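*Asks:* Sharing a sequence plus its predicted fold:
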Amino acid sequence: MATMKEIAVLAGVSRGTVDRVLNHRGSVNPDTAARILKIAEKLNYQPNKAGLMLAAQKKNLKLGVILFQDTNPFFQEVLKGVYAKAEELSGYNCQVLVRQVSFDENCQKNAIWELEHEGIHGLVISPFNAPSIAAEINRLCDNSIPVITTNTDIASKRLSYVGSNYFLSGQTAAGLLGRMTFGDVIVGIIIGSSHVLCHTDRIAGFRKTIGKYFPYITIIEDIVENYDDDEESYRKVRTLLTNHPEINALYFMAGGVYGGCRAVLSLNLSEKIKIFTFDNVATTAELIRQGIVTATICQQPFLQGFRPLELLSRYLLEGIMPEEEFLYVDTDIRIRENI
């Protein structure tokens, strides 16, 4: 395995210069830095793990995580990934501080300020899609507190995004619905929040594909916003179906599936309505087994909790940038036969 000393000899510089380049410790001539990085890559340089652990223990890192509240069981699975990586990082004297907030702009800003006050060195966040949240992320980044977004993204200075390609997910849902329904189809849409980019982009992908390939499908314009809450979903979906008895398909963009399906059952419409959802949480899986939900699109929630912390810790401890700006997780489709 290559050492800094070997890289220094080959680059014709001091070991200290190599250290500054590989660990981002100071200013080095750009041409020199490029030469050092090229040699390190060619030699497959890896930092000394014992030294890394010692350096990490001295840094006493604190990483913040802000997720939406787990009224949507999906985020319980994301949390499992967060806690698994947090346990691993504890060996490097790294503390992970978790906050869960509602779909509320001020609640999320308060969580950011609280974690900043506690001295975090980096942040993983599922951002509420608002200019003030983007401004907070930009401010953190400008103050050398890097940010990685997970599950949903926002236009900002964040390092990278980990999660599904939500526009493509919306297109996938449209393709599923189009191929698993027959005749004239009237579909109602239920989202978690219009202020979450992954929800609104799923609608955009869905609409585009329906318009292009499935002209016999009509989308009801009254979009239900349930904030991933089952009780609110029950009330609003029941109202939607009462006001629009012509609906024969439902598309749930996020949480509140169980409550929405309860509304369908309460109106004795389960035989009439095809239901398409996201995520393989326990309640949705059972609804698929019962034949109430037709299909669900899964998006690796554990990885959405684990991977961002892995990327953030590597950046802060080793100076390694995420390999891509958009790190998309795989999606898979579950029906009763493979749930």
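*Replies:* Here it is on my side, so go on.

*Asks:* what's around residue 203, how many residues?
*Replies:* 20 (other C-beta atoms under 10 Å). C-beta here means a position set from N, CA and C on the backbone, and glycine is covered the same way.

*Asks:* hang on, it packs against residue 225?
*Replies:* No: the pair residue 203 / residue 225 is not scored as a contact, 11.2 Å apart, by C-beta atoms under 8 Å.

*Asks:* what about stretch 85-102, how long is it end to end?
*Replies:* Distance across stretch 85-102, first residue to last, is 24 Å (C-alpha to C-alpha, to the nearest Å).

*Asks:* I'd like the distance from residue 292 to residue 120, if you could.
*Replies:* Look at residue 292 and residue 120: by C-beta to C-beta, to the nearest Å, they are 43 Å apart.

*Asks:* Neighbour count for those two, which is higher?
*Replies:* Neighbour count, other C-beta under 10 Å: between residue 292 and residue 120, residue 120 has more, with 21 against 18.

*Asks:* My guess is that one contacts residue 65. True?
*Replies:* No: contact criterion C-beta under 8 Å: residue 120 and residue 65 do not qualify, at 9.4 Å.

*Asks:* anything in contact with each of residue 203 and residue 225?
*Replies:* residue 191 (C-beta atoms under 8 Å, 6 or more residues apart in numbering).

*Asks:* coming back round to it: find residues that contact each of residue 120 and residue 65.
*Replies:* residue 97.

*Asks:* For residue 254, which non-adjacent residue is closest in space?
*Replies:* residue 192 (3.6 Å; C-beta to C-beta, 6 or more residues apart in numbering).

*Asks:* contacting residues for residue 238?
*Replies:* 263, 266-267.

*Asks:* which of those residues lies closest to residue 309?
*Replies:* Among the contacts of residue 238, residue 263 lies closest to residue 309 (C-beta to C-beta), at 37.0 Å.

*Asks:* For this structure, which segments are assigned as helices?
*Replies:* 4-11, 15-22, 30-42, 49-59, 74-90, 105-117, 131-142, 166-179, 197-213, 230-243, 257-266, 282-289, 301-318 (DSSP state H).

*Asks:* Kindly provide the distance from residue 324 to residue 129.
*Replies:* 22 Å.

*Asks:* Which one of the two is surrounded by more residues?
*Replies:* Just comparing residue 324 and residue 129: by other C-beta under 10 Å the higher neighbour count belongs to residue 129, 21 against 10.

*Asks:* Surely residue 171 is in contact with residue 206?
*Replies:* Yes: at 7.0 Å, residue 171 counts as touching residue 206 under the criterion of C-beta under 8 Å.

*Asks:* neighbour-wise, which of those two wins?
*Replies:* Per other C-beta under 10 Å, whichever of residue 171 and residue 206 has more neighbours is residue 206, with 26 against 21.

*Asks:* residues in contact with that one?
*Replies:* 170-171, 173-174, 189, 219, 251.

*Asks:* same thing but at 10 Å, please
*Replies:* 167, 169-175, 177, 187, 189, 217, 219, 251, 253, 276 (C-beta atoms under 10 Å, 6 or more residues apart in numbering).

*Asks:* repeat for residue 17
*Replies:* 4, 7-8, 11, 26, 28-29, 32-33, 36.

*Asks:* separation between it and residue 8?
*Replies:* Per C-beta to C-beta, residue 17 is found 7 Å from residue 8.

*Asks:* which stretches of this protein have low pLDDT?
*Replies:* 1, 24-26, 47-59 (pLDDT under 70).

*Asks:* cutoff 90 now
*Replies:* Counting by pLDDT under 90, the chain has low-confidence residues at 1-6, 8-11, 14-31, 33-34, 36-60, 69-73, 91-93, 314, 317-324.

*Asks:* quick one on the thing from earlier: which of the contacts of residue 206 count as buried?
*Replies:* For the contacts of residue 206, a burial check counting by 16 or more other C-beta atoms under 10 Å picks out 167, 169-175, 177, 187, 189, 217, 219, 251, 253, 276.
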